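A.B. asks: Next come a sequence and a model predicted from it.
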Amino acid sequence: MLIDYHIHTYLCKHADGAPEEYVETAIMRGISEIGFSDHCPLPVGFDSKYRMTVDQFPIYRMMVSDLKRRFPGIKIRYGLEVDWVDGRMDEVFGTLDNETFDYLIGSVHYTDDFPFDNPDFADKWNEKDFIRKVWNRYFELLLEMVQSGKFDIIGHFDLPKKFGYYPSSMDKIRKMVKNIFKAAAKNNMAVEINTAGLRKPVRELYPSLEILRMANEAGVKLVLGSDSHTPAEIAANFAEAVELAKSAGYDKICSFNQRKCTLVPLG
């Protein structure tokens, strides 16, 4: 069974295609279940160039509801990709706690005020000691996010590798990853294999095989996501994702419904 839980819409301002095209492509490719998880519009003013506005959020909710009604032959889930913004999450969940999501993906795209995965700022990676600082801060924020207990899925786990920059030593990162997965297992979270990494300069799935094995050893569940921003990207490179998952010891993935995970066979 294959499920794609990371799909964006035109509301995020950097995705193309009509919502129904994503669904139709999923059906054509034999995907049994999908989930829309566009970027959360909160906190207000955060990264507003790349996400819907608060006023558009009801449009997103109705869009997913309408697609569920129009396409009864495929399971469509209502999700959201939520950025962990240090110090402002009360504002975010003051609204989101009133929504009936099927799942929430927690992501980190900024180390404080630096959008580390934005190609417009990629030159900063060449500054002295910058790589180490970004990687360390990223995993500090990821641990805070996981410990909050507010999310169901960890999105694109090792995203700082996007442009191919790694710290000279990964020893501290491995220790941080171990603590993150311990907290994730405690909070019954899943980690995502995100295939978008194969479409980025690093040319590698998120996360690496080493990290995914650590997740499995810690008892962390698994989901698949294409991070689609066009209909053509639906379930992109899922064959490679399945191979990675099985190499890490996984044979099941999560199917979410109203924040509850049911394990289903992978593949």
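C.D. replies: Structure's in. What do you need? Numbering: from 1, shown residues only.
A.B. asks: can you give me the helices in the stretch 1-150 of the chain?
C.D. replies: 19-28, 57-70, 89-96, 130-147 (DSSP state H, counting those that start in this stretch).
A.B. asks: Ok, the stretch 151-267 of the chain next?
C.D. replies: Using DSSP H, counting those that start in this stretch, helices in the stretch 151-267 of the chain cover 171-186, 209-218, 238-247.
A.B. asks: The residue nearest to F157 when sequence neighbours are not counted - how many residues pack around it?
C.D. replies: Sequence neighbours aside, P207 is the residue nearest to F157 in space, at 3.9 Å (criterion: Cβ to Cβ, 6 or more residues apart in numbering). C-beta coordinates here come from the backbone N, C-alpha and C atoms, glycine included. Using other Cβ atoms under 10 Å, P207 has 25 neighbouring residues.
A.B. asks: which stretches of this protein have low pLDDT?
C.D. replies: Counting by pLDDT under 70, the chain contains no low-confidence residues.
A.B. asks: For the residue nearest to the spatial centre of it, which residues are in contact?
C.D. replies: The chain has G155 as the residue nearest its centroid, 2.6 Å off, counting by Cα atoms, centre = their mean. Applying Cβ atoms under 8 Å, 6 or more residues apart in numbering, we find G155 in contact with 6, 81, 105-107, 192, 194, 225.
A.B. asks: Name the nearest of the residues you listed relative to L42.
C.D. replies: Using Cβ to Cβ, E81 is the member of these that lies nearest L42, at 11.8 Å.
A.B. asks: hang on, that closest one packs against T9?
C.D. replies: No - the criterion here is Cβ atoms under 8 Å, and E81 misses it with T9 at 11.2 Å.
A.B. asks: Have a look at these two and say which one is more surrounded.
C.D. replies: Using other Cβ under 10 Å, the more surrounded residue of E81 and T9 is E81, with 26 against 23.
A.B. asks: What separation do you get for that one and A190?
C.D. replies: 14 Å (Cβ to Cβ, to the nearest Å).
A.B. asks: Between helix 89-96 and the top strand by length along the chain, find me the angle.
C.D. replies: In the chain, with assignment by DSSP state E, the single longest strand is strand 75-83. In terms of direction (axes from the mean of the first three to the mean of the last three Cα atoms, to 10 degrees), strand 75-83 departs from helix 89-96 by 160 degrees.
A.B. asks: what is the nearest residue to the residue nearest to the centre of the chain once chain neighbours are set aside paired to in the beta sheet?
C.D. replies: Using Cβ to Cβ, 6+ apart and skipping residues adjacent in sequence, the residue nearest G155 is S107, 3.9 Å away. Counting by DSSP bridges, S107 is bridged to D83.
A.B. asks: Counting neighbours, what do you get for S107?
C.D. replies: So S107, with other Cβ under 10 Å, has 26 neighbours.
A.B. asks: need the contact list for it.
C.D. replies: 81-84, 155-156, 159.
A.B. asks: that older thread, my guess is the residue nearest to F157 meets L142, correct?
C.D. replies: No - in this structure, P207 is not within contact of L142 by Cβ under 8 Å, at 11.1 Å.
A.B. asks: Mutual contacts of the two, please.
C.D. replies: Joint contacts of P207 and L142 (Cβ under 8 Å, 6+ apart) are F157.
A.B. asks: contacting residues for T111?
C.D. replies: 133-134, 137-138, 141.
A.B. asks: so who does F238 touch?
C.D. replies: With Cβ under 8 Å, 6+ apart, F238 has these contacts: 2, 4, 195, 224, 226.
A.B. asks: Turn those into JSON lines, columns for neighbour count and distance to D113.
C.D. replies: As requested, the contacts of F238 are exported to JSON lines (neighbours: other Cβ atoms under 10 Å; distance: Cβ to Cβ, whole Å):
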{"residue": "L2", "neighbour count": "20", "distance to D113": "38"}
{"residue": "D4", "neighbour count": "30", "distance to D113": "32"}
{"residue": "T195", "neighbour count": "26", "distance to D113": "29"}
{"residue": "L224", "neighbour count": "25", "distance to D113": "32"}
{"residue": "S226", "neighbour count": "28", "distance to D113": "29"}
